[in-house]
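Chemist: Here's my sequence, what's the structure:
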Amino acid sequence: MSARSAHAEQGHGGRMALTALLVVLVALAMLLLVRARPKSEPFDPRSGNADGARGLVLLLQHFGATVDIVRTAPAPGADVRVLVLQDRLDDQQRGALTSFLAGGGVAVVADRSSPLAGGAPTTAFTGTLDTLLADATAESNVRPGLCDIPALGLLRGLFVAQGVRYTVGTGDTKCFENGGVAFVVARHTGSGTAVVLGDNALWTNQYLRYGDNAGLATALLAPHPGVHVQVLLGSKAAPSAADIGTGSQTLSDLVRPGVWMALTQLAIAFVVFALARGIRSGRPVREPDQVPIAGSELVVATGSLMQRARHAERAGWLLRANLYRELCRRYRVPPAASIAQLDATVSARGATPPGLVAAVLQLDVVDDDGLLDLCRRLQLLRDQALESDTPQDTVTSQDTVTSQDAVTPQDTVTSQDTLEGAHQ
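Modeler: Down below sits the predicted model:
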């Protein structure tokens, strides 16, 4: 293997090792940086989807309320208002919320299917509204009716896509009542109050803008600035991004040090293996440099074929023609001049004895021994005629013409004939 080949293989192995190491680093970076973002559920107070309740949280905060999203009920006696948009509580959490109500707390239960809603609903209804109308009264399909809850007395109506009305029990207060059933019922539990709604979708992002749905939310949960509201999700709600982590914890905090040590050892072993395979041990083996002449492989292949076919005579023609062209260029002889004319010109310059050039250029070759003898004679003639110090510019056209006149027609063999014989 040549030095160039060894260097090329070494560079190729190094590039492979660098590429593989880069892929490993990118994979580790993705594991460390990419965090799971769970899909939000309906009625999620952090979701901006149509069925989310992000708009409700922003509305309450706009009116000065402090809103927290929790999974456990507050302690009895806490100065907070609790909102249950969708009941995902377990029995223990419902018991804790009941204790909070008994201690004087206020909770708004919007999920009509929750056990905390109390009595079973008696009347279901639906509504359809595609666009905003002129005012809240025109958009509403739930009229105020009889209302004995002072905070809701000024509301003009609600829009509910699909809701129910509850039977009003003894001691309960109600609003949006019609025919003995009401959409909003306040039931007293101990010294506290549980406000039950006939639908929870009216506070989602999709329906919060219709009617006085937003007014109902602020009247129950943020009647004055500074109110503390807790949106109770429950333990059955899907984990959110906040539950998984706020961004301070990464994969390195969860993986044991032994695992990182194993990964580091594997990375080091891979690099060592790549270097061992990419770097050749020992000095490179020297080989002859490639011939930088275009088509050199074709020349070598042609010579090999001629040698196998024993074309000694044709090889001799080629060698003589090559020296003939060199002599013509050196002594300013026309390419179509005869061998006799070339011999006269060279001998006139004193480079060779008369007749030497003609004798060598007309030497016949029939076998390999004759080809070797021709090569030796051509080299001697080249040393005498081409490496002499005789000035080239002293040859005049008159000398060439005189030498040409001295040659007889019988002795004229043109270089064209020689070349044609070589190609044949």
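Chemist: Can you show me the helices along the stretch 1-150 of the chain?
Modeler: In the stretch 1-150 of the chain, the helices defined using DSSP state H, counting those that start in this stretch lie at 3-33, 54-62, 91-102, 136-139.
Chemist: following the last one, which helix or strand comes up?
Modeler: Later in the chain than helix 136-139, the nearest helix or strand by DSSP states H and E is strand 162-167.
Chemist: Would you mind pulling the contact partners of that following strand?
Modeler: With Cβ atoms under 8 Å, 6 or more residues apart in numbering as the test, strand 162-167 has contacts from 112, 117-127, 142, 174, 176, 178, 180-183, 185, 196, 198-199, 201-202. Using the backbone N, CA and C atoms, a C-beta is placed for each residue, glycine as well.
Chemist: go on, stretch 370-389?
Modeler: 312, 315-316, 319-320, 323, 326-327, 330, 346, 349, 351-352, 356-357, 360, 363-365.
Chemist: can you rerun that using 7 Å?
Modeler: In this structure, residues lying in contact with stretch 370-389 by Cβ atoms under 7 Å, 6 or more residues apart in numbering are 312, 315-316, 319, 323, 326-327, 330, 346, 351-352, 356-357, 360, 363, 365.
Chemist: now swap in stretch 60-77 and tell me
Modeler: Under Cβ under 7 Å, 6+ apart, the answer for stretch 60-77 is 45-46, 57, 80, 82, 93, 96-97, 99-100, 102-104, 217-218, 221-222, 225-235.
Chemist: if we can go back for a sec, narrow the contacts of strand 162-167 to those that are buried.
Modeler: Neighbour-count burial within those applies to 112, 117-118, 121, 123, 125, 127, 142, 174, 176, 181-183, 185, 196, 198-199, 201-202; the criterion is 16 or more other Cβ atoms under 10 Å.
Chemist: In helices only, show me the contacts of stretch 370-389.
Modeler: Judged by DSSP state H, the contacts of stretch 370-389 include 312, 315, 316, 319, 323, 326, 327, 330, 346, 356, 357, 360 as members of helices.
Chemist: And residue 271, what's its pLDDT?
Modeler: In this model, residue 271 is scored at 87, pLDDT.
Chemist: Pretty sure it sits against residue 17.
Modeler: Yes - with contacts counted by Cβ atoms under 7 Å, residue 271 reaches residue 17, the gap being 6.3 Å.
Chemist: who has more neighbours, those two?
Modeler: residue 17 (20 against 15; other Cβ atoms under 10 Å).
Chemist: The nearest residue to that one once chain neighbours are set aside: neighbouring residues, count only.
Modeler: Leaving out its chain neighbours, the residue that sits closest to residue 17 by Cβ to Cβ, 6 or more residues apart in numbering is residue 274, at 3.3 Å. When neighbours are defined as other Cβ under 10 Å, residue 274 has 19 of them.
Chemist: what do you get for residue 370?
Modeler: Residue 370: 15 neighbours (other Cβ under 10 Å).
Chemist: Confirm it sits in a strand?
Modeler: No - going by DSSP: H, G, I helix; E, B strand; the rest coil, the assignment for residue 370 is helix, not a strand.
Chemist: roughly how far apart are it and residue 312?
Modeler: 7 Å (Cβ to Cβ, to the nearest Å).
Chemist: next one: residue 80
Modeler: From residue 80 over to residue 312 (counting by Cβ to Cβ), the distance is 113 Å.
Chemist: Please identify which helix or strand holds the nearest residue to residue 28 once chain neighbours are set aside.
Modeler: Distances taken as Cβ to Cβ, 6+ apart put residue 263 closest to residue 28, at 8.0 Å, once the chain neighbours are dropped. Using DSSP H and E, residue 263 sits within helix 257-278.
Chemist: Flag every buried residue along that helix.
Modeler: 274, 278.
Chemist: pull the CA atoms of that helix into CSV?
Modeler: Taking C-alpha atoms only, helix 257-278 is exported to CSV below (Å, rounded to 0.1, in the frame of the first residue of the first chain):
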residue,chain,number,x,y,z
PRO,A,257,-24.4,7.4,37.9
GLY,A,258,-23.6,3.8,37.0
VAL,A,259,-25.6,4.1,33.8
TRP,A,260,-23.7,7.2,32.8
MET,A,261,-20.4,5.5,33.5
ALA,A,262,-21.5,2.6,31.3
LEU,A,263,-22.5,5.0,28.5
THR,A,264,-19.2,6.8,28.8
GLN,A,265,-17.2,3.6,28.6
LEU,A,266,-19.1,2.5,25.5
ALA,A,267,-18.4,5.9,23.9
ILE,A,268,-14.7,5.7,24.7
ALA,A,269,-14.5,2.1,23.4
PHE,A,270,-16.2,3.1,20.2
VAL,A,271,-13.7,5.9,19.7
VAL,A,272,-10.7,3.6,20.4
PHE,A,273,-12.1,1.0,18.0
ALA,A,274,-12.6,3.6,15.3
LEU,A,275,-9.1,5.0,15.7
ALA,A,276,-7.7,1.4,15.6
ARG,A,277,-9.5,0.6,12.4
GLY,A,278,-8.8,4.0,10.8
